[in-house]
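# Next come a sequence and a model predicted from it.
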Number of protein chains: 2
Amino acid sequence: MLTSMNPTRRRDRAATRAALLDAARLRFSRHGYDGTGVREIAADAGVDPALVFRYFGSKKELYARAVRPEVPEGLADDTGRSAAELADTLLHEVVLADWEEYGGEHPLLAMLRSSGHADVREQLRAQVCDGYLRTFAERLPEGAPELRAEMLGALLLGLGVMRSVVGSPALTAAPSEETRALFARMVAPLVEEG
Amino acid sequence: MLTSMNPTRRRDRAATRAALLDAARLRFSRHGYDGTGVREIAADAGVDPALVFRYFGSKKELYARAVRPEVPEGLADDTGRSAAELADTLLHEVVLADWEEYGGEHPLLAMLRSSGHADVREQLRAQVCDGYLRTFAERLPEGAPELRAEMLGALLLGLGVMRSVVGSPALTAAPSEETRALFARMVAPLVEEG
DNA sequence: AGCATAAGTCATCATCTGTTGACTTGGCGT
DNA sequence: ACGCCAAGTCAACAGATGATGACTTATGCT
């Protein structure tokens, strides 16, 4: 029997680290890197601020560990699907999904708030281009596949921004069938020949 | 004869204010509100930091005066043009134009870096929805014009983000004819009936 | 020339920032 | 029961932050 897995868990390294990471992820996402203080994160996690440096060394390192946009693995190897199907998957992944750990928006969108820092911009570029768009570009017919892939990326990112940052009424209220249909018709020119 | 309109102009209220505004606009755009210090702005303007508060009262007020996204007046009254033509104009305005005063990107994109603040988000929403997209929505056929307009907004914002923040290679390098053509084909489903 | 006033300077404030190191406390193995 | 080591606490640091007010200096008018 475990000695004490009690309600007020005390002195649990892993749990404390996790609480810190969760709180950091949320605050960094909502308020950006510069708008977030170490003491605020620690307070949210119910933990002493000094532990941030005990466990992560610096605020910067904590940011790097907390907000890590992970490219879904379902993309790279799933060779059976067409470019159009893939775009629809990405629409759900990037725009429609909730991502509550990141304050309700996709990590890549949250990172825009910290894009004053070159590190963050570089990570953004790598994730978007090498992560998400590469596999899409490979399924495209000849004729500037990179440009087409990047325009899909633009549409996805833009929809996310409109929904979670700008808060435009129609897109925020109705992320339903009509949006999906219009999206599909806009993507169509990208996957066609020509 | 004006007493002294000399090379090293000194003690010129209007010029100092303007220098401060210019420097603030650039730094706020590049590094966001929280990433920018009053002393840095003043240093860029070659001016004492205390003058920021003399002339603007607070950092917040300076931000408000410096970065004010202005909806181009050419949009509202220009009734002769089709929705498609209007979209093309917006492409140039928002995505392709240089906006060197704002660090090379459209003010609305620069504001994303400060979107952790509710004031900024609200200004973004107002500018995008009430400013840019309204006149576009009015030129649309029936059938959810707001949603269609917002999807155009998404594409525009997304293209801007891809170019100036993410820095995706194809879009950054070649903002030329091919981009314009693909854009037009993506916008087509938005302006059509059905 | 001299004066009044606006424009610019300076030192300084209180607070907040990330970060550190020395201290205390709790839990586990013996 | 005891002692060890990891986990957590605390006070304090140096520097940056936004902001203030008293001071100085230039400029334009008479």
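Here it is on my side, so go on.

# isn't residue A:146 right next to residue B:173, touching?
No: with contacts counted by CB atoms under 8 Å, residue A:146 stays clear of residue B:173, the gap being 9.7 Å. Just so you know, the C-beta spots here come from the backbone N, C-alpha and C atoms, and that holds for glycine as well.

# Identify the contacts common to these two.
Between them, residue A:146 and residue B:173 share no contacting residue under CB atoms under 8 Å, 6 or more residues apart in numbering or on different chains.

# With neighbour numbers in mind, choose between those two.
Taking neighbours as other CB atoms under 10 Å in any protein chain shown, residue A:146 and residue B:173 compare with residue A:146 leading, 18 against 11.

# What's the separation between that one and residue A:190?
As judged by CB to CB, to the nearest Å, residue A:146 and residue A:190 stand 12 Å apart.

# what do you get for residue A:62?
Computed as CB to CB, the residue A:62 to residue A:190 distance reads 38 Å.

# Ok, residue A:29 next?
29 Å.

# and the nearest residue to residue A:17 once chain neighbours are set aside, what pLDDT?
Among residues not flanking residue A:17 along the chain, residue A:55 sits closest, at 5.3 Å (CB to CB, 6 or more residues apart in numbering or on different chains). We have a pLDDT of 98 for residue A:55.

# still on that earlier bit, so what's in contact with residue A:146 and residue A:190 at the same time?
Common contact partners of residue A:146 and residue A:190 (CB under 8 Å, 6+ apart): none.

# Show me what the helix or strand bottoming out on mean pLDDT in chain A is in contact with.
Lowest on mean pLDDT, DSSP states H and E among the helices and strands of chain A sits helix A:134-138, with a mean of 91. Identification of contacts with helix A:134-138 by CB under 8 Å, 6+ apart yields A:75-76, A:83, A:86-87, A:90, A:145-146, A:148-149, A:152.

# neighbours around the residue in chain A that chain B sits nearest to, how many?
Residue nearest to chain B within chain A: residue A:158 (2.5 Å; CB to the nearest CB). Close neighbours of residue A:158, defined as other CB under 10 Å, add up to 26.

# And DNA strand C, is the longest helix belonging to chain A touching that?
Determined from DSSP state H, the single longest helix within chain A is helix A:13-31. No: counting by CB under 7 Å from any atom of the strand, DNA strand C has no neighbours in helix A:13-31; the shortest distance is 10.2 Å.

# residues from chain A in reach of DNA strand C?
Chain A comes close to DNA strand C at residues A:3-4, A:10-11, A:36-40, A:49-50, A:52-53, A:57-60, as judged by CB under 7 Å from any atom of the strand.

# hmm, back to that, what's the longest helix of chain A packed up against?
helix A:38-45, helix A:50-56, helix A:59-66, helix A:107-111 (3 or more CB pairs under 8 Å, 6 or more residues apart in numbering or on different chains; DSSP states H and E).

# and those helices as JSON lines, adding distance to DNA strand D and mean neighbour count?
Compiled in JSON lines, the helices and strands packed on helix A:13-31 are given as follows (distance: least, CB to the nearest atom of the strand, whole Å; neighbours: other CB atoms under 10 Å in any protein chain shown):
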{"stretch": "helix A:38-45", "distance to DNA strand D": "8", "mean neighbour count": "18"}
{"stretch": "helix A:50-56", "distance to DNA strand D": "3", "mean neighbour count": "16"}
{"stretch": "helix A:59-66", "distance to DNA strand D": "13", "mean neighbour count": "17"}
{"stretch": "helix A:107-111", "distance to DNA strand D": "22", "mean neighbour count": "25"}
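
# helix/strand/coil for residue A:75?
Of the three states, residue A:75 takes coil according to DSSP: H, G, I helix; E, B strand; the rest coil.

# so how many other residues sit close to it?
Residue A:75 is flanked by 17 other residues according to other CB under 10 Å.

# count of residues packed around residue A:118?
What residue A:118 shows, counting by other CB under 10 Å, is a neighbour count of 8.

# try the one 4 residues further on
Residue crowding around residue A:122 was assessed by other CB under 10 Å; the count is 12.

# Locate it within the secondary structure: which element?
For residue A:122, the enclosing helix or strand under DSSP states H and E is helix A:118-125.

# mind listing what's buried in stretch A:88-107?
A:88-91, A:93-96, A:99, A:102-107 (16 or more other CB atoms under 10 Å in any protein chain shown).

# For residue B:126, state which of those residues is nearest.
Nearest to residue B:126 out of these is residue A:105 (CB to CB; 20.1 Å).

# isn't the closest one right up against residue A:164?
Yes: the criterion here is CB under 8 Å, and residue A:105 meets it with residue A:164 at 3.8 Å.

# Tell me the secondary structure of residue A:88, please.
Classification of residue A:88 using three-state DSSP returns helix.

# check contacts around it.
Here residue A:88 is in contact with A:180, A:183-184 (CB under 8 Å, 6+ apart).
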